[in-house]
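**Student:** Let me see the structure of the following:
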Amino acid sequence: MDSGSIGKKPGEMRRELLKGVGLVAILLLLMMWLSGAFIKKVQPAPAAQKVKYEGLKTSKAIKISYPLIIEQPGTVRAQVEAQISSRIMAQVKEIFVGEGENVIGTAGSGNPTLIAKLDDREIRARIRQSEAQVAAADRGIQVAKAKLSAAMAQAASARASSTNAAGDFRRFQALAESKAIAGQQLDHSRAQRDMADAQLRAAQQESQAVQGEIERAIAQQESAKAALAEVQTLLTYTEIYAPFDGKLIKKKVDIGDMASPGQALFLVETNQQPEFHVYLSESISPHVKQGQEFNVRIDALNRSFTAKLREITPKSDAGTRTVLVKLRLPPDPQLVNGLFGRLPIPYGEYQALTVPANSIQEIGQLYLLRVLDGQGYPQRRFVTLGRRHDSVVEVLSGLREDEEVIIP
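**Tutor:** Residues are numbered from 1 along each chain as shown. Take a look at the predicted model:
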């Protein structure tokens, strides 16, 4: 006996023993009840006889060849898309168009849409400076032309004096030969002639110098005009217009940002001719050709569109081993840039076991068929279905070819 039971009286020990026996009896009764010992058994009966129905409408399960379709994912893109950038470095002063708004291009029928304007104060200062240089060159030309007129008049006067002095010298020379005048008078006439010739040459040189001055002034004027035209062209770059009719889909700058040459400021696309771009693997690309039509499925719109293959990029990507294919979609305002779609491509044929679609019974997520066995008795059959084709449906498992299914 253990130390706990030594001190107990015989009456207490009997009560504890009776409690244990009662607990065991209760457990045994509970187990018998759960096993059905107290429930009346139903005697087995003979199996129900099969019923053979007459006049049932049936159809055989047959194999049909279908084109093997491979779906390739792609994206809706605009055929014409432009990233508008700045040609000069300037601060963005104003933005007139928001994302999603339509714009009219410079080649459109209406006034082109002004998208943004850059700070033009520095360029306008350069324009004023160039205009001042052009004006100064104009004044220089006018002054040089006035000097040329004076030089030409002086040259004409010198030419007349030279002509007169030469005539006088010839007369004095004839008189000197006839001893009619003294030799001193001939020398004086010769000196007068030489002086007139020198004055003529000086006047001619002055005219040539003034003519060179005019040419330099004209060159300076042309240079100033070229500089003025350049800064006037730069001024046009401060106003950014839409290049074509379409929609502004992305704005990459805000007012106050500094625009740099070549930096993309806005993204504009035309929605008049959307396209579907898809990358095909090298093994699938030989199965498509230019001009071929496909039904492109756009999941977000739950619609299909007829698309014609416009271009197959003649270059494969070395990393992905794919070829870019572009298909032209019909114009539709719902076909926005970036929508996901699927391109079904025929890729050979396959055979599928088919039954009429109206022979299928759907119970929850299960599909049932009533099939006639070899003795003509109907039986229920669970099947796995595949694709649906108009009035028939593919059966992947649970049925054999030429078995007859019952059509309700």
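**Student:** distance of the nearest residue to Ile141 once chain neighbours are set aside from Leu280?
**Tutor:** Closest residue in space to Ile141, ignoring its immediate chain neighbours: Ala217 at 4.4 Å, by CB to CB, 6 or more residues apart in numbering. Backbone N, C-alpha and C define where each C-beta goes, glycine included. In this structure, Ala217 lies at 68 Å from Leu280, with CB to CB, to the nearest Å as the measure.
**Student:** now do Ala146
**Tutor:** 78 Å.
**Student:** And Ala224, by the same measure?
**Tutor:** Applying CB to CB, one obtains 59 Å for the distance of Ala224 from Leu280.
**Student:** Show the contacting residues for the residue nearest to Ile141.
**Tutor:** Residues in contact with Ala217, defined by CB atoms under 8 Å, 6 or more residues apart in numbering, are 137, 140-141, 144.
**Student:** Of the residues you listed, which belong to helices?
**Tutor:** Judged by DSSP state H, the contacts of Ala217 include 137, 140-141, 144 as members of helices.
**Student:** Name the strands paired with the helix or strand where Val278 lies and say parallel or antiparallel.
**Tutor:** Val278 is part of strand 274-281, with elements assigned from DSSP states H and E. Taking DSSP bridges as the criterion, strand 274-281 forms sheet pairs with strand 62-78 (antiparallel), strand 322-328 (antiparallel).
**Student:** Least reliable of the ones you listed by average pLDDT, please.
**Tutor:** The stretch with the lowest mean pLDDT among the strands paired with strand 274-281 is strand 62-78, which comes in at a mean of 89.
**Student:** Let me have it in PDB, keeping just the CA atoms, if that works.
**Tutor:** Output in PDB follows, covering the C-alpha atoms of strand 62-78 (Å, rounded to 0.1, in the frame of the first residue of the first chain):
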ATOM      1  CA  ILE A  62     -16.700  12.100 -81.600                       C
ATOM      2  CA  LYS A  63     -13.200  13.500 -82.200                       C
ATOM      3  CA  ILE A  64     -13.000  16.800 -84.100                       C
ATOM      4  CA  SER A  65      -9.900  18.600 -85.300                       C
ATOM      5  CA  TYR A  66      -9.400  22.100 -84.100                       C
ATOM      6  CA  PRO A  67      -6.700  24.700 -84.800                       C
ATOM      7  CA  LEU A  68      -4.100  24.800 -82.000                       C
ATOM      8  CA  ILE A  69      -4.200  28.400 -80.600                       C
ATOM      9  CA  ILE A  70      -1.400  29.900 -78.700                       C
ATOM     10  CA  GLU A  71      -2.200  33.200 -76.900                       C
ATOM     11  CA  GLN A  72       0.600  35.700 -76.600                       C
ATOM     12  CA  PRO A  73       0.300  38.700 -74.200                       C
ATOM     13  CA  GLY A  74       0.800  42.200 -75.600                       C
ATOM     14  CA  THR A  75       0.100  45.900 -75.000                       C
ATOM     15  CA  VAL A  76      -1.900  48.600 -76.700                       C
ATOM     16  CA  ARG A  77       0.300  51.400 -78.000                       C
ATOM     17  CA  ALA A  78      -0.200  54.500 -80.100                       C
END
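**Student:** Kindly calculate the angle that the next helix or strand after that strand makes with strand 274-281.
**Tutor:** Beyond strand 62-78 on the C-terminal side, the first helix or strand identified by DSSP H and E is strand 81-85. Direction vectors for strand 81-85 and strand 274-281, defined by axes from the mean of the first three to the mean of the last three CA atoms, to 10 degrees, enclose an angle of 100 degrees.
**Student:** Go through strand 81-85 and flag the buried ones.
**Tutor:** Buried positions in strand 81-85, judged by neighbour count with 16 or more other CB atoms under 10 Å: 82, 84.
**Student:** so what secondary structure elements neighbour the next helix or strand after that strand?
**Tutor:** Once strand 81-85 ends, the next helix or strand along the chain (criterion: DSSP H and E) is strand 90-95. Other elements packing on strand 90-95 under the criterion 3 or more CB pairs under 8 Å, 6 or more residues apart in numbering; DSSP states H and E are strand 114-118, strand 258-259.
**Student:** angle of strand 90-95 against strand 114-118?
**Tutor:** Going by the same axes, to 10 degrees, strand 90-95 makes 140 degrees with strand 114-118.
**Student:** Adjacent strands (with direction) for strand 90-95?
**Tutor:** In its sheet, and by DSSP bridges, strand 90-95 pairs with strand 114-118 (antiparallel), strand 258-259 (antiparallel).
**Student:** before we move on, the earlier item: buried ones among the contacts of Ala217?
**Tutor:** Burial by neighbour count, judged by 16+ other CB under 10 Å, picks out 137, 140-141, 144 from those.
**Student:** Serialize those to JSON lines and add fields for distance to Val325 and pLDDT.
**Tutor:** As requested, the buried ones among the contacts of Ala217 are exported to JSON lines (distance: CB to CB, whole Å; pLDDT from 0 to 100):
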{"residue": "Ala137", "distance to Val325": "60", "pLDDT": "84"}
{"residue": "Gly140", "distance to Val325": "65", "pLDDT": "81"}
{"residue": "Ile141", "distance to Val325": "64", "pLDDT": "79"}
{"residue": "Ala144", "distance to Val325": "69", "pLDDT": "76"}
